[in-house]
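Colleague: take a look and give me a structure for this.
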Amino acid sequence: MATSPYTDTLQTTNLKNALPSSQQWLREQMITFNNSSSPSELLKPPPNKIESRLVSKITVGRMYLFKYDPKTKEDLPYYDIFPLIFPFRRVDDGFFGINFHYLPYILRARLMDSLYTLANNNKNDDTTKLKLSYQLLNASSRYKYFEPCVKHYLNSQVRSRFLWIPADQWKTALFLPFERFVKKK
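Modeller: Got it, this is the predicted structure:
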């Protein structure tokens with residue numbers, strides 16, 4: 001078993017180590033991504049799927065992709081309109097999350113390798129989630145890459161449902177080109 005599964009995956013030239021369901025999901029997402037005019041089309045429910053992974057509410061410690069329009073975008077030098085996040089704290093007006101798109105791929109992999117030690121189980125299935133808190137992340141240098149990724153998301157500015165990404169697909173989702181950064185005008 002690899003000691004750094006996310007970093008090791010990034011450094012390989014193919015997805016040999018990915019689970020078959022992740023490989024299938026990657027193929028489906030890339031076909032959809034290549035055939036869509038924008039990433040927002042990826043957040044529409046698939047017409048031929050009975051079970052959809054689109055949800056209206058988040059669970060702390062799970063991974064999600066969604067469309068977002070920042071309230072203070074005029075004040076931001078740039079922002080991501082399709083965050084890929086692990087929410088770690090709910091607040092009255094929204095939630096705080098770690099958006100991996102603010103890191104280059106190698107640092108995404110290193111951060112995820114560290115975060116995976118916080119998983120509630122080793123099943124790597126629909127029950128797996130991370131046990132996250134800001135205090136825990138801030139207390140250890142092991143998670144040093146998380147800080148530039150912490151963002152406060154307002155419920156009123158979420159522009160889609162949340163695409164829940166199960167643990168067996170985290171590895172694949174980290175390296176898909178879903179980020180859409182917009183610069184201040």
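Colleague: C-alpha from now on. contacts and neighbour counts both.
Modeller: Noted.
Colleague: secondary structure class of the nearest residue to residue 64 once chain neighbours are set aside, three-state.
Modeller: Excluding its sequence neighbours, the residue lying closest to residue 64 (Cα to Cα, 6 or more residues apart in numbering) is residue 164, at 4.7 Å. What DSSP: H, G, I helix; E, B strand; the rest coil gives for residue 164 is strand.
Colleague: any idea of the pLDDT on residue 164?
Modeller: Listed pLDDT for residue 164 reads 91.
Colleague: and residue 89, by the same measure?
Modeller: 96.
Colleague: quick check: the gap between the nearest residue to residue 66 once chain neighbours are set aside and residue 56.
Modeller: Once flanking residues are discounted, residue 66 sits nearest to residue 162: 5.0 Å by Cα to Cα, 6+ apart. Using Cα to Cα, to the nearest Å, residue 162 is found at 6 Å from residue 56.
Colleague: let me know the pLDDT of the most centrally placed residue in the chain.
Modeller: Per Cα atoms, centre = their mean, the C-alpha nearest to the average position across the chain is that of residue 84, at 3.0 Å. Looking at residue 84, its pLDDT reads 96.
Colleague: same question, the one 10 residues further on
Modeller: In this prediction, residue 94 carries a pLDDT score of 98.
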